[in-house]
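Trainee: Fold the stuff below for me.
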Amino acid sequence: MRLTKQKKLILDIINNSHEHLSAESIYNECRKVLPNISLGTVYRNLNQLSDMNLIKRLKVQEFDRFDSMHKRHNHFFCTKCCGIYDIFDDIINMETIKVPGKVIDYD
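Mentor: As a prediction, this is how the structure comes out:
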């Protein structure tokens, strides 16, 4: 599968973000560069990039968030603030985490 300008832009947005972006957030960033891009194009490319293992899809409650694949890591979802946080430790002790939540996509 070739890397179109839309796919490259989406990948760049995700790789340069320090957040776990929603498809709508990615769409809004894409429109700054490609004003005519459709939300459907963004979703289609997110699915393809995820299938190609170039980005990581995080399923949180009923929402998807997207993250780069720069460095292997896990994620913690805080049920209090609904934030997603990177975890780079190999061993996770849930008793030391003082906020309500759960580890998602633990490898």
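
Trainee: Phi and psi next, for residue 68.
Mentor: Residue 68 has phi and psi values of phi -80, psi 170 when expressed as degrees, to the nearest 10.

Trainee: residues touching it, list them.
Mentor: Going by Cβ atoms under 8 Å, 6 or more residues apart in numbering, residue 68 touches 14, 15, 17, 55, 56. Using the backbone N, CA and C atoms, a C-beta is placed for each residue, glycine as well.

Trainee: how about 7 Å then?
Mentor: Counting by Cβ atoms under 7 Å, 6 or more residues apart in numbering, residue 68 makes contact with 14, 15, 55.

Trainee: How far off centre is stretch 38-55?
Mentor: 11 Å (Cα atoms, centre = their mean, to the nearest Å).

Trainee: Can you mark which positions in it are buried?
Mentor: 41, 42, 45, 46, 48, 49, 54, 55 (16 or more other Cβ atoms under 10 Å).

Trainee: which strands and helices sit next to the helix or strand encompassing the third one?
Mentor: Applying DSSP states H and E as the criterion places residue 45 in helix 39-51. Contacting helix 39-51 under the criterion 3 or more Cβ pairs under 7 Å, 6 or more residues apart in numbering; DSSP states H and E are the following elements: helix 5-15, helix 23-33.

Trainee: let's see it at 10 Å
Mentor: Packing partners of helix 39-51 (3 or more Cβ pairs under 10 Å, 6 or more residues apart in numbering; DSSP states H and E): helix 5-15, helix 23-33, strand 55-60, strand 63-68.

Trainee: could I get the ones you listed as JSON lines with mean pLDDT?
Mentor: Output for these, formatted as JSON lines (pLDDT from 0 to 100):
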{"stretch": "helix 5-15", "mean pLDDT": "96"}
{"stretch": "helix 23-33", "mean pLDDT": "97"}
{"stretch": "strand 55-60", "mean pLDDT": "85"}
{"stretch": "strand 63-68", "mean pLDDT": "86"}
